[in-house]
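Asks: pasting the sequence and the predicted coordinates here, then a few questions.
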2 protein chains.
Amino acid sequence: MPSPALLLAAFAPDGTTTFTPADPAAAHLRVDDLGATRGDGVFESVGVVGGNPQSLRHHLDRFARSAAALDLPAPDAGAWAGAVRAVAAAHDPVPELLVKLVLTRGVEGGGVPTGWAHAFVPVDHARERTEGIDVLVLDRAYPGDVAARAPWLLQGAKTLSYALNTAALRHARAHGAHDVVFLSDDGEVLEGPNSTVVARFGDRWVTPPPELGILDGTTQGRAFGFAAARGERTEVARLRRADLDTADALWLVSSGRLSAPVRSVDGAPRPVDAALSADLLHHLLTVHD
Amino acid sequence: MPSPALLLAAFAPDGTTTFTPADPAAAHLRVDDLGATRGDGVFESVGVVGGNPQSLRHHLDRFARSAAALDLPAPDAGAWAGAVRAVAAAHDPVPELLVKLVLTRGVEGGGVPTGWAHAFVPVDHARERTEGIDVLVLDRAYPGDVAARAPWLLQGAKTLSYALNTAALRHARAHGAHDVVFLSDDGEVLEGPNSTVVARFGDRWVTPPPELGILDGTTQGRAFGFAAARGERTEVARLRRADLDTADALWLVSSGRLSAPVRSVDGAPRPVDAALSADLLHHLLTVHD
């Protein structure tokens, strides 16, 4: 049983951030930490394949944007990058790791954030990666212009307030599916609860735009790198519900599961290009960026 | 400086819940508790006035409904009621306390919830209670039928995923206001980020209905008790944005601040009935239910 590893952040008044090893099986958070009582914080999950953190700069840029959206202190990118590498190195060697970076608003009234970097082995997604996933399309019930119109709703920031994302996944599983694609109130394809939608139409690869109040996917960026290397076109563009029925291939991509081909949408079978999906997965497992 | 008090829950396999005193200034949560990493849990904040927990049954009923919405194990009402009384009794005697009850999904993969009851002195709201508050109306960007249409969004459950509520309050404070009233995408008055709207039109007191995906307010229930005792009418009914400009009086009510009269909405002054507001506050501070 490989041991997870943990580094706790300390934020000095001069702005420097240092990390100290700690026991991941011990308690480190107070019950009045605003991360725990309000989901008031931000996170990233960095995939580490063969010891190499993937898309680390992209993750840290997004971490900083999420923190800014919540008026949290800007994370020190160098210190956090060092923490990712150090916590991954401290973990028992395994083919795949996830490193979760978390920054909360800290203990209520304290004015000092809480932060940590936690390396652990992700859930085994081997079957979903190769056999594909059944997906339900669920109403996210916000308009596509939510991010511009109502920034206080924090759409597009990767916050710790993920209860609805896990509830949507439970709903899917209770209905015999593996995962979810959210649809906006005005029919725009958004994202999965913890993944990005990638669709292929002929030689054109498409993912929905972040201005819809969704995350810019780090693994989606890597998948587009794969497509571009094959000489295919990549495009950030809006997709409608009907596009999910006409795409030549669909995937949900994320840092932990990497790529999972969608084999059905709301119960209707969708074609899975097994060879292409295997090539994409191989790229995500072997090409370091 | 009065000392907060804390009881930690233990959930036995036979379903019994027991509580043990713990040091609130020490760490009790692991970094992989789903309460901290996903805001995946529920809470209640029970006001304790003169040693008496207010609307305890209503709080525990709502706690149970929130837990059910998240597929969490049903909280043992008797054990949690005992914990509220015990943790309040363990706190230094003070005129007003809040007891926060929290139930999370527990450590990821562990299958056992985490829970606690934490008694502490709330922020001093004396000025807001008497001088009134300036309120901004902010877009909540969901349709009024969200709760029926998309239960996976957990609207109406009191979850730990409150980052957007605190962001909306920061937005208001950055714009010179104290608080927020959320409006649905279709123009229905909803609730505050951590309060309930109560409006008075003549001798008619109105609060918006929970089917809009909002909480049924415990303090609102107590305010309606005050109105009914005066022989006035109380009604759960929809309010539109314009009703906020025509009401004879408006309050935001909640367990910690109790009642705060609204003295302006989006910068437009609103009449404050100082005598009636004082009577309402006196009721909430002295009548135990």
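Replies: Received, thanks. Numbering: from 1, shown residues only, chains lettered A, B, ... in the order given.
Asks: nearest to chain B: which residue in chain A?
Replies: residue A:39 (2.6 Å; CB to the nearest CB). For every residue, glycine as well, the C-beta is placed using N, CA and C.
Asks: contacting residues around that residue?
Replies: If you count contacts by CB atoms under 8 Å, 6 or more residues apart in numbering or on different chains, residue A:39 has them with A:159, A:160, A:161, A:162, A:163, B:38, B:39, B:159, B:160, B:161, B:162, B:163.
Asks: quick one: pLDDT of the last one?
Replies: In the predicted model, residue B:163 carries a pLDDT score of 98.
Asks: mind listing what it touches?
Replies: Applying CB under 8 Å, 6+ apart to residue B:163 gives the contacts A:38, A:39, A:40, A:41, A:70, A:154, A:159, A:160, A:161, B:39.
Asks: skipping its backbone neighbours, what lies nearest the first one in space?
Replies: Leaving aside its sequence neighbours, residue A:38 sits nearest to residue B:162 (CB to CB, 6 or more residues apart in numbering or on different chains; 4.2 Å).
Asks: now swap in the fourth one and tell me
Replies: Beyond its immediate neighbours in the sequence, the residue positioned closest to residue A:41 (CB to CB, 6+ apart) is residue A:104, lying 3.3 Å away.
Asks: show me where chain A has its helices.
Replies: Here chain A has its helices, by DSSP state H, at A:34-38, A:56-69, A:77-90, A:126-131, A:146-149, A:163-174, A:218-229, A:243-246, A:274-286.
Asks: rewinding a little: residue A:130 versus the residue nearest to residue A:38, what's the distance?
Replies: 39 Å (CB to CB, to the nearest Å).
Asks: comparing those two, which residue is more hemmed in?
Replies: residue B:162 (24 against 14; other CB atoms under 10 Å in any protein chain shown).
Asks: that older thread, thought the residue nearest to residue A:41 was touching residue A:34?
Replies: Yes. With contact defined as CB atoms under 8 Å, residue A:104 reaches residue A:34; the gap is 5.8 Å.
Asks: quick one on the thing from earlier: what's the closest of the helices of chain A to residue B:265?
Replies: In terms of CB to CB, the element of these nearest to residue B:265 is helix A:146-149, at 19.5 Å.
Asks: buried ones in that closest one, by neighbour count?
Replies: Using 16 or more other CB atoms under 10 Å in any protein chain shown as the test for burial, helix A:146-149 gives A:146, A:147.
Asks: stretch A:116-127 now?
Replies: Neighbour-count burial for stretch A:116-127, counted by 16+ other CB under 10 Å, picks out A:116, A:117, A:118, A:119, A:120, A:121, A:122, A:125.
Asks: which ones among these lie within strands?
Replies: Counting by DSSP state E, the part of the buried residues of stretch A:116-127 found in strands is A:116, A:117, A:118, A:119, A:120.
Asks: considering only those residues, which also neighbour chain B?
Replies: A:116, A:118, A:120 (CB under 8 Å from any CB of the partner chain).
Asks: closest one to residue B:89 out of these, please.
Replies: residue A:116 (34.8 Å).
Asks: residue contacts, that closest one?
Replies: A:6, A:7, A:8, A:9, A:22, A:28, A:101, A:102, B:31.
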